[in-house]
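>>> Only the shape, not the letters, is given here:
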């Protein structure tokens, strides 16, 4: 029976807190050896009390990335969970891979921005990339032991967010408070707004392309309001496999921590009579253009996914700060993608430069 020795980068966020709950639930399979927080010293102190053997660091300040890199390469760790919002987890993730650590990815921006580099580094080091996003974890489970050549398409499910039924004409009246009321998941502010715009699903499409080697043109999205089926894989013979569970991030985290085994836990299983029904509908792509922007970025590749991601981060922050209206999030991302220079095969420094330039351009657009 293998026990994983785990570093959690972003231990005080929603994913990090769920990961700590998993660690408390399966102490014979998961030992926490490192924890990081950005500013939430109180939660970090509580986690340190619960896991006294873990090394704890704060990642705020000018040397924050270096602290994360040091934590991600701890000799005693064999798996690093990247649960940091945004691109701050990229350098620690690459450092962990180079040090021979498996990584569990909850921060989709890492693979959106630098999927080619991350997957190539993992292959070179012979380490495993374990997806923690519920959708990618579901696909990972459905694909277990199967060749990608047998896959016709990947189907990402989507709750539709709080504005699934809101007419397009009502989007200008959407406030940050309304956008932060997700119907099924409890998440951080940025990812909750991304779920409202469907940029969360857009980023997941690009991430899935790199994780599973399936072109973005064969990755589809279906709205599933109950959030019980977390994603599906359709195979070339017409059969479809789906992964189902309650809407609790502890499920995919638990699977990533115990893979390739199936291990008992205290999580509540589904009661299908209670669920009652499972509904599906197509996304409103014209009203929520994030999906088409993702297809364009994923198919073009190069620096364009990094530009999309950076512009979205800036636009979401501007919306939360009431600088722009809700529909302007899509407008700023589209304009930034259209006005940014493109490089087909950037190195890591090229990606970082593209990210920085896109943020500057998106900030100017947000400022009007």
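Noted; the coordinates are in hand. Please read all numbers here as calculations on a predicted model, not as lab measurements.
>>> after the helix or strand where residue 91 lies comes which helix or strand?
Residue 91 is located in helix 90-98, with elements delineated by DSSP states H and E. Next along the chain after helix 90-98, taking DSSP H and E as the criterion, comes strand 102-105.
>>> So residue 328 is in contact with residue 322, correct?
No - using Cβ atoms under 8 Å, residue 328 makes no contact with residue 322, being 11.4 Å away. C-beta: built from backbone N, CA, C; applies to glycine.
>>> Which of those two has more residues huddled nearby?
When residue 328 and residue 322 are compared for neighbours, residue 328 comes out ahead with 19 against 9, by other Cβ atoms under 10 Å.
>>> Quick one: residues contacting residue 287.
168, 171 (Cβ atoms under 8 Å, 6 or more residues apart in numbering).
>>> And the strands in the stretch 51-200 of the chain, which stretches?
Secondary structure of the stretch 51-200 of the chain (DSSP state E, counting those that start in this stretch): strands located at 55-58, 79-82, 102-105, 129-131, 151-158.
>>> Deepest in the core, which of those strands is it.
Most buried of the strands of the stretch 51-200 of the chain, by mean neighbour count (mean count of other Cβ atoms under 10 Å): strand 79-82, with a mean of 28.
>>> Just checking: what are the partner strands of that strand?
Neighbouring strands of strand 79-82 in its sheet, by DSSP bridges, are strand 4-9 (parallel), strand 102-105 (parallel).
>>> Quick check: mean pLDDT of the shortest one?
Read that as strand 102-105. If you average the pLDDT over strand 102-105, you get 97.
>>> which residues are contacting it?
For strand 102-105, contacts defined as Cβ under 8 Å, 6+ apart pick out 78-82, 93, 96-97, 111, 122, 127-133, 136, 207, 253, 256-257.
>>> try 7 Å this time
Strand 102-105 has contacts (Cβ atoms under 7 Å, 6 or more residues apart in numbering) with 78-82, 93, 96-97, 111, 127-132, 256.
>>> Would you check which pair of those lies furthest apart?
Farthest pair in the contacts of strand 102-105 (Cβ to Cβ) is 78 and 111. Separation: 20.8 Å.
>>> follow-up on the earlier one: tabulate the strands paired with strand 79-82 (a markdown table), appending distance to residue 242.
Converted to a markdown table, the strands paired with strand 79-82 look like this (distance: least, Cβ to Cβ, whole Å):
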| stretch | distance to residue 242 |
| --- | --- |
| strand 4-9 | 27 |
| strand 102-105 | 21 |
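>>> So the protein: which segments form each domain?
4-132, 140-226+281-367 (automatic domain parsing).
>>> Would you pull up how far the first one lies from the middle of the chain?
Relative to the mean C-alpha coordinate of its chain, domain 4-132 is positioned 13 Å out (Cα atoms, centre = their mean, to the nearest Å).
>>> Next: the last one.
Here domain 140-226+281-367 shows a centroid-to-chain-centroid distance of 11 Å under the convention Cα atoms, centre = their mean.
>>> is it true that residue 110 touches residue 90?
Yes - counting by Cβ atoms under 7 Å, residue 90 is a contact partner of residue 110 at 5.2 Å.
>>> more crowded one of those two?
Neighbours per residue, other Cβ under 10 Å: of residue 110 and residue 90, the larger number sits with residue 110, 28 against 24.
>>> ok, now which ones touch the more buried one?
Applying Cβ under 7 Å, 6+ apart, we find residue 110 in contact with 82, 89, 90, 93, 118.
>>> Check the gap between it and residue 86 for me.
Applying Cβ to Cβ, to the nearest Å, the value for residue 110 to residue 86 is 9 Å.
>>> Check residue 273 too.
In this view, residue 273 and residue 86 are 41 Å apart by Cβ to Cβ.
>>> Settle it for me: which of the two has more neighbours?
Set residue 273 next to residue 86 and count neighbours by other Cβ under 10 Å: residue 86 wins out with 16 against 6.
>>> residue contacts, that one?
Counting by Cβ under 7 Å, 6+ apart, residue 86 touches 109, 313.
>>> can you map out the helices along the stretch 51-200 of the chain?
With DSSP state H, counting those that start in this stretch, the ranges of helices along the stretch 51-200 of the chain come out as 64-72, 90-98, 109-125, 134-143, 176-179, 189-197, 199-212.
>>> low-confidence ranges in the stretch 151-300 of the chain?
Per-residue confidence for the stretch 151-300 of the chain (pLDDT under 70) gives these ranges: 185-186.
>>> tell me which element residue 220 is part of?
strand 219-223.
>>> Beyond that strand, next helix or strand please.
Of the helices and strands lying after strand 219-223 in sequence (DSSP H and E), the nearest is strand 229-235.
>>> Show me how far that following strand is from its chain's centre.
That offset, for strand 229-235, works out to 17 Å (Cα atoms, centre = their mean).
>>> elements contacting it?
helix 134-143, strand 151-158, strand 240-244 (3 or more Cβ pairs under 7 Å, 6 or more residues apart in numbering; DSSP states H and E).
>>> what is the orientation angle of the last one with strand 151-158?
Same thing as strand 240-244. Here the directions of strand 240-244 and strand 151-158 differ by 30 degrees (axes from the mean of the first three to the mean of the last three Cα atoms, to 10 degrees).
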